[in-house]
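Asks: using only what follows, build the 3D model:
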Amino acid sequence: HHLSPNTDQPSGKNMRNSSLSLLRRFQNKVLRRQPNVGDFLENSEQLFRAVFEQAAVGVAVVATKTGQILQINQRYCDIFGYSISEMLKKSILDFSHPSDTVEDLSNQSNELNAIVRIFSRQKRYFKKDGSIVWVNLMLTPIGDKQNSETFPINVAVVQDITDQKNAERTMKESEATARA
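Replies: Sure, this is the predicted structure:
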């Protein structure tokens, strides 16, 4: 992977190029011949994996009832400072900031009752080192709640907005100082 300057993340250009390359190969296969169902499913799985793993945002599949992390990409782990294997042993509630927990439980109840289909908010979590990370969280419930203990599941997409929140706080402090 090519790394962007001053960061340990692959550059956006390389992620786009890699994803585009995979999409072009998939498109060329489809245009060259009519794929059978097995080929289509295999290519769909490869495409899903590429998008999931190369996303510039954190993506996790979480069991709604327990908060157990079922599947997670590396970017999500990077935001929280844990490895994939560490994250898979945890519940998403293990990271929640106490001030956000009451609202989380209310939203979870709404999701279980199918009131909310897509949920989005800014939220605080604790990183492995104990520091706070702010994220934009979009949560989408998926599945049939009658299907099994792990359904419905949620797909959680997070984007780190800590720098933005810190800049907002600094600006408010500067404005307050200027008025004083």
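
Asks: okay, buried residues for stretch 130-145 please.
Replies: By neighbour count with 16 or more other CB atoms under 10 Å, stretch 130-145 contains the buried residues 133, 134, 135, 137, 138, 139, 140, 141. C-beta coordinates here come from the backbone N, C-alpha and C atoms, glycine included.

Asks: please identify which of those is nearest to residue 172.
Replies: Distance to residue 172, by CB to CB, is smallest for residue 134 among the buried residues of stretch 130-145, at 14.7 Å.

Asks: I'd assumed residue 123 was in contact with that closest one.
Replies: Yes - at 7.3 Å, residue 134 counts as touching residue 123 under the criterion of CB atoms under 8 Å.

Asks: what ranges do the strands span in the chain?
Replies: 58-63, 69-72, 119-126, 132-142, 153-160 (DSSP state E).

Asks: adding mean pLDDT, write those strands out as TSV.
Replies: Listed next are the strands of the chain as TSV, based on pLDDT from 0 to 100:
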stretch	mean pLDDT
strand 58-63	92
strand 69-72	94
strand 119-126	90
strand 132-142	91
strand 153-160	92
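
Asks: for these, which one sits closest to residue 177?
Replies: Comparing the strands of the chain by CB to CB, strand 132-142 comes nearest, at 22.8 Å.

Asks: quick one: the helices in this structure, in order.
Replies: Using DSSP state H, the helices of the chain run over 12-32, 37-54, 74-80, 84-87, 98-112, 162-179.

Asks: between those, which has the poorest mean confidence score?
Replies: With a mean of 58, helix 98-112 has the lowest mean pLDDT of these.

Asks: in TSV, list the strands of the chain along with distance to residue 92.
Replies: Output for the strands of the chain, formatted as TSV (distance: least, CB to CB, whole Å):
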stretch	distance to residue 92
strand 58-63	5
strand 69-72	6
strand 119-126	8
strand 132-142	10
strand 153-160	7
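
Asks: among those strands, which comes closest to residue 168?
Replies: strand 132-142 (9.7 Å).

Asks: need the buried residues of stretch 130-145 in CSV with distance to residue 161, can you?
Replies: Output for these, formatted as CSV (distance: CB to CB, whole Å):
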residue, distance to residue 161
133, 9
134, 5
135, 6
137, 10
138, 12
139, 16
140, 19
141, 23
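
Asks: out of the residues you listed, who's nearest residue 153?
Replies: residue 141 (7.4 Å).

Asks: how much space between the closest one and residue 119?
Replies: Separation of residue 141 from residue 119 (CB to CB, to the nearest Å): 8 Å.

Asks: what do you get for residue 63?
Replies: Taken as CB to CB, the span from residue 63 to residue 119 is 16 Å.
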